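Undergrad: here's a sequence, model it:
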Amino acid sequence: KDESLQQEIQAKDRRISELSSELEKQSRVRQELEHELKSKDESLNQELNGKDKRISELENELKQQSGFREELEQKLKSKDESLQQEIQAKDRRISELSSELEKQSRVRQELEHELKSKDESLEQAARDRSGLVSELESLKADKEKLQEKVASLDTRNKSLEREKKDFLDKMEKMKKTNDHKEMQQEAGLKMSANEWRKKSDKLWDGVSYIAPQQAIEFLSAAIEKEPERAELHNDRGLANMDEFRMQDSINDFTAAINLKPDFGEAYHNRGVALLKQGKAFAARKDFQMAAEHGVWIGLNYLKTPRYSPGILAKIIMALGLKKPELRWNQ
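TA: The predicted structure follows:
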């Protein structure tokens, strides 16, 4: 019986040893899990802080854009007031010149009448007093002086007429310019986003925008009409890239991606912009995302030797084929 009890005690000791070992393993596993959980929490907190910072940056940028727009509207209003004042001043000058011209015309008529009277007087004096040569010569001298004065007045009148005509022509040009500007503003308010985009499309030669700054203005007007349309942000990103505004270009492509997460062309275009900034690692990530959404040209570009950019697009344009609705940088 003692031997049996000893065996049973030894068995119990072995079991206790096994359970202690198992407990130590569970404790180590628990510590590892707690460490991993703490690491996950720190990573998530960092990512959350990054998101909050990005939201703050976007809000600040939106405020800056609003301030810039208000400043432009104020400048436009100030310019219009300045033009109105200048037009009023020109009108007053024209009125003064017209008044002076009328006075000169009356003086000329008086002088012509006086000259006519002198001629008649000379003729009568010549008939009645043929012997008064000296008086006749004096009258002739007076006549010549009057003729010179009339000629001077004619020259002055012609000069005033030319000046008046120049002022009228300048006023007419200013009026046409102002009317054209008002018509453009009214047309811009009535135009839809598609109409603005069509205007920008006319500046696209199949490879790049031939007038990127003007394209940016057209596409900005379209975005103001339809801010949730991802394709408009993508197009403006290309125009900004052609204007060498890489950060603005990246912001536009990012906005397009946020509006349309499966927008492969926007991922590709942002990768090109990042690549031009020397950020190859970030560019590769965007090219991989673009490939996941059907646009492989970026990854192929990184894997193959570089070639003349846009050659296929140039051939298509030369053949007169229609360009695709969505565009991306080659």
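Undergrad: let's see the pLDDT reported for the residue most central in space within the chain.
TA: Compute the mean C-alpha point of the chain, and by Cα atoms, centre = their mean the closest residue is residue 217, 3.6 Å away. We have a pLDDT of 95 for residue 217.
Undergrad: and it, how far from residue 227?
TA: The gap separating residue 217 from residue 227 is 16 Å, by Cβ to Cβ, to the nearest Å. For glycine as for every other residue, the C-beta is placed from the backbone atoms N, C-alpha and C.
Undergrad: likewise residue 239?
TA: Counting by Cβ to Cβ, the gap from residue 239 to residue 227 is 17 Å.
Undergrad: what do you get for residue 202?
TA: In terms of Cβ to Cβ, residue 202 sits 23 Å off from residue 227.
Undergrad: likewise for residue 163?
TA: Between residue 163 and residue 227 the distance, using Cβ to Cβ, works out to 52 Å.
Undergrad: just the residues contacting stretch 155-166, thanks.
TA: Contacts of stretch 155-166 with the rest of the structure, by Cβ atoms under 8 Å, 6 or more residues apart in numbering, involve 94, 97, 98, 100, 101, 104, 105, 108.
Undergrad: just those: which are in strands?
TA: Per DSSP state E, strands hold no members of those.
Undergrad: now the buried members of these.
TA: Buried subset of those (neighbour count, 16 or more other Cβ atoms under 10 Å): 97, 101, 108.
Undergrad: does the first one really touch residue 167, like I thought?
TA: Yes - assessed by Cβ atoms under 8 Å, residue 97 is found in contact with residue 167 at 7.0 Å.
Undergrad: state the distance from the closest residue in space to residue 191 that isn't next to it in sequence to residue 245.
TA: Once flanking residues are discounted, residue 191 sits nearest to residue 221: 7.3 Å by Cβ to Cβ, 6 or more residues apart in numbering. For residue 221, the distance to residue 245 equals 18 Å [Cβ to Cβ].
Undergrad: next one: residue 280
TA: From residue 280 to residue 245 the distance is 20 Å (Cβ to Cβ).
Undergrad: more neighbours, these two?
TA: Between residue 280 and residue 245, counted using other Cβ atoms under 10 Å, the more crowded position is residue 245 (18 against 12).
Undergrad: contacting residues for the more buried one?
TA: If a contact means Cβ under 8 Å, 6+ apart, then residue 245 has no contacts.
Undergrad: same thing but 10 Å
TA: 212, 213, 216, 237, 239, 251, 252, 273 (Cβ atoms under 10 Å, 6 or more residues apart in numbering).
Undergrad: output these as JSON lines; include the columns secondary structure.
TA: What follows is these, written out as JSON lines (DSSP: H, G, I helix; E, B strand; the rest coil):
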{"residue": "212", "secondary structure": "helix"}
{"residue": "213", "secondary structure": "helix"}
{"residue": "216", "secondary structure": "helix"}
{"residue": "237", "secondary structure": "helix"}
{"residue": "239", "secondary structure": "helix"}
{"residue": "251", "secondary structure": "helix"}
{"residue": "252", "secondary structure": "helix"}
{"residue": "273", "secondary structure": "helix"}
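Undergrad: so which of those is the most crowded?
TA: In the contacts of residue 245, the most neighbours by other Cβ under 10 Å go to residue 237, 32 neighbours.
Undergrad: distance-wise, check the residue nearest to that one when sequence neighbours are not counted relative to residue 227.
TA: Distances taken as Cβ to Cβ, 6+ apart place residue 252 nearest to residue 237, at 3.3 Å, with adjacent residues excluded. Separation of residue 252 from residue 227 (Cβ to Cβ) stands at 12 Å.
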